[in-house]
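okay, here's the prediction I keep looking at, along with the sequence it came from:
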Amino acid sequence: MSSAEKGYQKALEKIKQAEHEEHSSLELVAVGLTALPPEIAQLANLTTLNLRDNKLTVLPPEIAQLTDLTTLYLGDNQKVEERNRRGRADLQILQIQRRSGLAAKTSVGVDYSGDDGVA
């Protein structure tokens, strides 16, 4: 099993646990994710999602289903396009590390104040 597959499986386990325990935040930091499992949409109570230090290049459309999500951490990913944020004016904080080569198509609601990706 590749490291990307292991990361995906670990993320699925954490998502299932967060759903079962009704967590409002989820940490998927440095698990080697190249894709976020669509099962993330099952976390209706999620307000904070930390995806720092992975290898994500795009956010899945299921992100839009997380209507309570207000904080999304994306620092230290390869390149994440912010296109999935459309229609989510209530997503107030999107933190992206400047030096990691991430592409944000809009600066509205983006916090670039911290060098480490965390403001």
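Looks like it arrived, so ask away.

for this protein, which segments are assigned as strands?
Along the chain, counting by DSSP state E, strands occupy 25-27, 48-50, 71-73, 93-95, 110-111.

quick one: low-confidence parts of the protein?
79-119 (pLDDT under 70).

how does it look with 90?
Applying pLDDT under 90 to the chain flags residues 1-4, 55-61, 63-64, 67, 70-119.

pull the contacting residues for His23.
If you count contacts by C-beta atoms under 8 Å, 6 or more residues apart in numbering, His23 has them with 17, 43, 45-46. The way it works is simple: take the backbone N, C-alpha and C, and place the C-beta from them, glycine included.

taking those residues, please make a PyMOL selection of just the buried ones.
The following PyMOL line selects those of the contacts of His23 that are buried, judged by 16 or more other C-beta atoms under 10 Å:
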select buried, resi 43+46
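
adding distance to Thr34 as columns, could you present the contacts of His23 in JSON lines?
Shown next, in JSON lines, are the contacts of His23 (distance: C-beta to C-beta, whole Å):
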{"residue": "Gln17", "distance to Thr34": "21"}
{"residue": "Leu43", "distance to Thr34": "20"}
{"residue": "Asn45", "distance to Thr34": "26"}
{"residue": "Leu46", "distance to Thr34": "21"}
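
please consider this matter closed, and thank you.
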